[in-house]
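1. sharing a model prediction with you, sequence too.
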Protein chains: 2
Amino acid sequence: MNGGRRLVVIGGDAAGMSAAAQARRVGPEDLEILAVERGSVTSYAACGLPYLVAGIVPRPEDLIVRTPETFERDFAIQVRTRTEATDIDLRAQRVHTVDAAGREREEPYDFLVIATGAVPNRPDLPGSRAEGVFGVQTLDDGVRLRGYLEEHRPSRAVVVGAGYIGLEMAEAFLIHGMAVTVLEAGPEPMGTLDEDMGALVREGMVRAGVDFRPWTRAIGFETDRGRVSAVVTEDAAHPAGVVVLGLGTRPDSALARSAGLRIGSTGGVAVDRRMRTSQENVWAAGDCVETFHRVSRAPVAIALGTHANKQGRVAGTNIGGGYASFGGVVGTAVTKICGLEVGRTGLNEAQARAAGFEFESVAVDSTTRAGYFPGALPITVKLLAERRTGRLLGGQVVGGEGAAHRVDVLATALWNGMTVEEVAGMDLSYAPPFSPTWDPVLITARRLAERAY
Amino acid sequence: MNGGRRLVVIGGDAAGMSAAAQARRVGPEDLEILAVERGSVTSYAACGLPYLVAGIVPRPEDLIVRTPETFERDFAIQVRTRTEATDIDLRAQRVHTVDAAGREREEPYDFLVIATGAVPNRPDLPGSRAEGVFGVQTLDDGVRLRGYLEEHRPSRAVVVGAGYIGLEMAEAFLIHGMAVTVLEAGPEPMGTLDEDMGALVREGMVRAGVDFRPWTRAIGFETDRGRVSAVVTEDAAHPAGVVVLGLGTRPDSALARSAGLRIGSTGGVAVDRRMRTSQENVWAAGDCVETFHRVSRAPVAIALGTHANKQGRVAGTNIGGGYASFGGVVGTAVTKICGLEVGRTGLNEAQARAAGFEFESVAVDSTTRAGYFPGALPITVKLLAERRTGRLLGGQVVGGEGAAHRVDVLATALWNGMTVEEVAGMDLSYAPPFSPTWDPVLITARRLAERAY
């Protein structure tokens, strides 16, 4: 090392490798960088897994953004895969690692980045470890699930949990021509939408042939010679040749916690705006941290590749001696389900209530293009605004082509703390193939502005 | 009138009828409202004319938002079509009108709205009034042009001027299977884009089969038995069975000027933020006014239905006794040409220079979806930022599906005076069918943030 300093990164996916690559770009040339990764690959597009399972993305390699070899060659970053960090000694500045062969090492560091990601919520129910019950978090999960479909050609799938991943997986099974049942503990799919908007998603799913069961919890799994054959609920057994659990994730902060780093109220590693933990030379980024929500002003833990990339980059810049800060999130998310584009940003009604806001909301039906233009499809925009100030608190969009990108306009408006009156006056683009003269966002903001005060 | 007050609106299209309808909604019940309109229809979608000519929109009636009868029935607004306002007496508060039969009237008003629209620039060249030479400003223009195509079935079209309308018309002619030549006085199509971005549009047009001629001005028209047969330029005659002039428009402020109202430096009627002219009880809205550009802070005249609607609504609210203000524009525009989505907002390089800004710019090539996702198409985003402050000054986008809506994110960012560093950190939506993990807007802002200081 000859006097150079050493960065160790725990976790070789979006956040960790963004931090490593950025520290390389801006840091001193003699900075030594080591990344350890529990799995076998680095930097893969986890959000692409449903499309891999569906066969829309042909090969697992297509989802790998950069291989360990690329990092070593182009960034002089040493990557050790199948290597787990099991302990951090903050005082001695050392990470204890164990590789697949059981070999242990002590890795000294000057800077440490914790990017341990998220753990999927898996209920500990009878039969939940049977063959044919899958999570879809890692590339290995996706590859195994695809292999299982090819080998066993099941005709019925049950998805437990109607969040983003659950619904994307339901659609993947539909593409395979399978019968699909979705079990959801709440009233409607997509719990991050309000019920009225979730209902629109449900209608789209049902039109596409999904058997959607609200208020339904899995309490166990029936098996046949070790393989799953049904999902058991309180009042039925749903036959299943394959089961996917889409029950969300929580920050994987166990390693940070046991090292003595401060953990936030959400269970994520607490960091400042530069992504520094409670320890001076230790940084954290990605799904394992909690971050600042610009609307509620409360900490949140949101597992999303786009935040992981940005946060990793911020940490890497700061480690490299530059200055960067992460501005927080507004809770933007989007997906395409059964021909519908679905997006949300900011706070939904329950979240706004929990954050102590009094608010008004309105949902307006419109069209994605000028009404007279061929291909104009229904779109519903729902907005929430604070009472008296009229400040935009959140937006949800469900509809045809172009619905998703409208969420970005709302995200940008939220980012800037705009009122719905201001939003209604904005100079958004207009041409018949893209929107009515009054864009659905503007109409809805206008309607809400008339009542928010 | 029994003590009620009277609103007269001059011009029965987007701005005028928005003002009238809004004054009805918020104003006192006994407000009498009269609208006079030179043409034969009210409230039609002028932006839809190219699609009417192309046959994508089947019938002229499809473009009419509300008929005079609807206004009378639903809004108790009296509409007189084929009636021109020829003089305004500000002191006597009277408008002089002449109808198609030559009947003259004096219409007294308490409130007046001037919504006289824009005049197309038509060069006074030899042959420019020949049969077969069209502007496309009014619904009548569109109907006549479509009739001409049906009757004469010309095989070659020449479009003079490569702005939005010109290019949309060029595409309409391609759809009819015609050979199309576009003559443009400047170097590239779409002069509101920078040349490097205009070049991308040109490439798309040429791929689609358009013969594009830069640096070429029409100096006259050859005719054959009164019908146009060619467009003459300095060094050639371009055979043409039909010609469209797309040379832009200017505010039609002649009536306001002769009444003695203040006209701004752009030639548009000067108004305050409530859309009031220099005269207390006279308001103006739409293509005939000049408005405030939020980035350059200079007056601009931009003919666009979306501004007309908003401005009309603001005028109507104020006339009705409410309070509303128009926040200005950022110069957003969008179109779809030969399979490309093209959008722009804010200032381009020439405009930024003219406004006195020092700036940096960068254009970045990316994809509309995750690179591995089927249907990912090229997209180029160009951004301009002020030196030292890093403030975003403008953005241009050319690319596949989803390119246009990204302009709205930039428009919202400009509206709020964001810096490119802030833009790069924003929580925009991400899912593989809609964008790469780093959205093209974020990548470009990031790249520019690295040099703007």
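-> Happy to help now that I have it.

2. tell me how many other residues surround the closest residue to residue A:158 other than its chain neighbours.
-> Of all residues not flanking residue A:158 in the chain, residue A:240 sits nearest, at 4.0 Å (Cβ to Cβ, 6 or more residues apart in numbering or on different chains). For every residue, glycine as well, the C-beta is placed using N, CA and C. Using other Cβ atoms under 10 Å in any protein chain shown, residue A:240 has 25 neighbouring residues.

3. wait, residue A:240 touches residue A:232, no?
-> No. Contact criterion Cβ atoms under 8 Å: residue A:240 and residue A:232 do not qualify, at 10.0 Å.

4. show me the helices in chain A, by range?
-> Along chain A, counting by DSSP state H, helices occupy A:14-26, A:49-54, A:68-75, A:139-152, A:164-175, A:195-207, A:254-259, A:305-319, A:349-354, A:403-415, A:420-424, A:440-449.

5. how about the shortest one, does it get close to chain B?
-> Yes. Counting by Cβ under 8 Å from any Cβ of the partner chain, chain B has neighbours in helix A:420-424: residue A:422.

6. stretch A:199-213 now?
-> No. Residues of stretch A:199-213 are not located near chain B by Cβ under 8 Å from any Cβ, the shortest gap being 14.2 Å.

7. ok, and what's touching that stretch?
-> Contact partners of stretch A:199-213, identified using Cβ atoms under 8 Å, 6 or more residues apart in numbering or on different chains, comprise A:162, A:167, A:170-171, A:174, A:179-184, A:188-190, A:193, A:214, A:233, A:238, A:337-340, A:342, A:380, A:398.

8. residue contacts, residue A:128?
-> Contact analysis of residue A:128 by Cβ under 8 Å, 6+ apart lists A:122, A:220-221, A:245.

9. so among the residues you listed, where is pLDDT lowest?
-> Of all these, residue A:122 carries the smallest pLDDT score, 89.

10. how about that residue, nearest residue that isn't a chain neighbour?
-> Counting by Cβ to Cβ, 6+ apart, the residue nearest residue A:122 is residue A:245, at 5.9 Å.

11. please apply the same query to residue A:276.
-> residue A:283 (5.5 Å).

12. got it, and residue A:299?
-> Nearest non-adjacent residue to residue A:299 (Cβ to Cβ, 6+ apart): residue A:290, at 4.4 Å.

13. go ahead and confirm that neighbour touches residue A:272.
-> No. At 11.5 Å, residue A:290 does not count as touching residue A:272 under the criterion of Cβ under 8 Å.

14. more neighbours: these two, which one.
-> residue A:290 (22 against 13).

15. that one: what's it in contact with?
-> Contacts of residue A:290 (Cβ under 8 Å, 6+ apart): A:251, A:264-271, A:299-301.

16. now do the residue most central in space within chain A against residue B:427, distance only.
-> By Cα atoms, centre = their mean, chain A has its centre lying nearest to residue A:304, at 3.1 Å. Distance from residue A:304 to residue B:427, counting by Cβ to Cβ, to the nearest Å: 9 Å.

17. verify the stated contact: the residue nearest to residue A:276 with residue A:110.
-> No. Between residue A:283 and residue A:110 there is no contact under Cβ under 8 Å: 11.8 Å.

18. pick out whichever of these two has more residues nearby.
-> residue A:283 (31 against 15).

19. beta partners of that one?
-> Residue A:283 forms beta bridges with residue A:113, residue A:276, as assigned by DSSP bridges.

20. quick check: it vs residue A:328, distance?
-> 17 Å.

21. for residue A:16, same thing?
-> On the measure of Cβ to Cβ, residue A:16 and residue A:328 end up 21 Å apart.
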